[in-house]
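>>> My questions are about this predicted structure, shown below with the sequence.
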Amino acid sequence: MSQTSRSTSRRARAATLACTLALSACFTDEGAESAGATSGSDGEATQGASGEATQGASGEATGAGPAGSESSSSATGVEGCTPSGDEVCDGEDNDCDGLIDEPAGSSALECGGCEARVIGSSAYWFCQDEIQWEEARGHCESLGAHLIILNSEAEQSEVFAQSPIEYFWLGLTDAEVEGTFRWVDGSTPADHGFENWPANDGNEGIADCVYTQTDSTAGWNIVTCEGSFVQWTCEAEL
Ligand SMILES: [Ca+2]
Ligand SMILES: [Ca+2]
Ligand SMILES: [Ca+2]
Ligand SMILES: [Ca+2]
């Protein structure tokens with residue numbers, strides 16, 4: 001049950017993300033969703049009617065709609081995905097790897113305002129809306145990923161060279177302990193032996209979130225988390 005509800009809420013989050021990112025995709029997805037739901041519940045009603053009639057449990061018949069739909073989607077496969085399936089842009093995890101709308105092999109996938117591509121040993125989603133840090137973090141989690149963590153200068157150079165966007169949030173904040181910046185996985189830049197603060201950084205204080213420009217000479221910049229003037233990049237290690 002909990003797996004089903006988790007997958008349901010992940011689908012809901014993914015649908016919300018699609019709506020947030022692309023209004024046209026939102027209408028398309030919603031149309032597809034509700035068409036699917038309608039035919040699904042019609043199917044359930046037919047099967048449910050004969051099944052429930054045999055058992056004669058009117059109480060169960062009342063709840064047959066939602067309960068029937070959930071068990072049906074579990075029965076057709078784990079979260080409706082196929083391990084050998086191709087990942088497509090639909091807000092779902094089509095190939096059962098836990099990632100949503102990730103790049104298919106070496107090909108980039110453009111989806112919902114993000115361009116997902118593999119660079120080195122991670123998948124990255126470069127996303128175009130300018131949103132607040134927390135919102136970006138939530139979107140990354142709903143894709144099965146996290147806000148980008150720059151573990152090394154090599155990773156930073158590769159990402160900067162291939163990024164289609166110029167300014168984006170990093171998964172780096174000192175919101176928990178002022179002055180101690182941690183990546184969203186709990187590690188610190190010192191743990192990795194790599195940081196890229198500009199020499200003249202004077203932007204500390206109450207600001208807690210960090211973005212970067214894809215010009216390595218500019219360095220990381222600490223700003224208020226409530227700012228929504230940069231884009232965002234998610235990462236998932238492969
Ligand atoms: Ca996937
Ligand atoms: Ca997908
Ligand atoms: Ca990384
Ligand atoms: Ca701070």
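The structure has been received and is ready for your questions. Ligands and ions are numbered 1, 2, ... in the order given.

>>> In contact with residue 213, which residues?
Neighbouring residues of residue 213 by Cβ atoms under 8 Å, 6 or more residues apart in numbering: 166-167, 221. Every C-beta, even on glycine, is put in place using the N, C-alpha and C of the backbone.

>>> give me that answer again for 10 Å
By Cβ atoms under 10 Å, 6 or more residues apart in numbering, the contact list for residue 213 reads 160, 166-168, 219-221, 230.

>>> try residue 147
133-134, 136-141, 168-173, 183-185, 209-210, 232-235.

>>> Where strands are concerned, which of the contacts of residue 213 count?
In strands, defined here by DSSP state E, the members of the contacts of residue 213 are 167-168, 220-221.

>>> Scan those residues and report the most crowded one.
residue 168 (24 neighbours; other Cβ atoms under 10 Å).

>>> Please report how far that residue lies from ligand 4.
19 Å (Cβ to the ion, to the nearest Å).

>>> which ones are touching that residue?
Residue 168 touches 124, 126-128, 130, 136, 147-148, 159, 211-214, 230-234, counting by Cβ under 10 Å, 6+ apart.

>>> Residue 103 now?
When contacts are counted by Cβ under 10 Å, 6+ apart, residue 103 touches 87, 109-111, 115-119, 123-125, 238.

>>> Give the closest residue to it in space, chain neighbours not counted.
Nearest non-adjacent residue to residue 103, counting by Cβ to Cβ, 6 or more residues apart in numbering: residue 116, 4.5 Å away.

>>> The one you found: helix or strand, and which one exactly?
strand 114-119 (DSSP states H and E).

>>> between the ones in strands among the contacts of residue 213, which is nearest ligand 2?
residue 168 (22.0 Å; Cβ to the ion).
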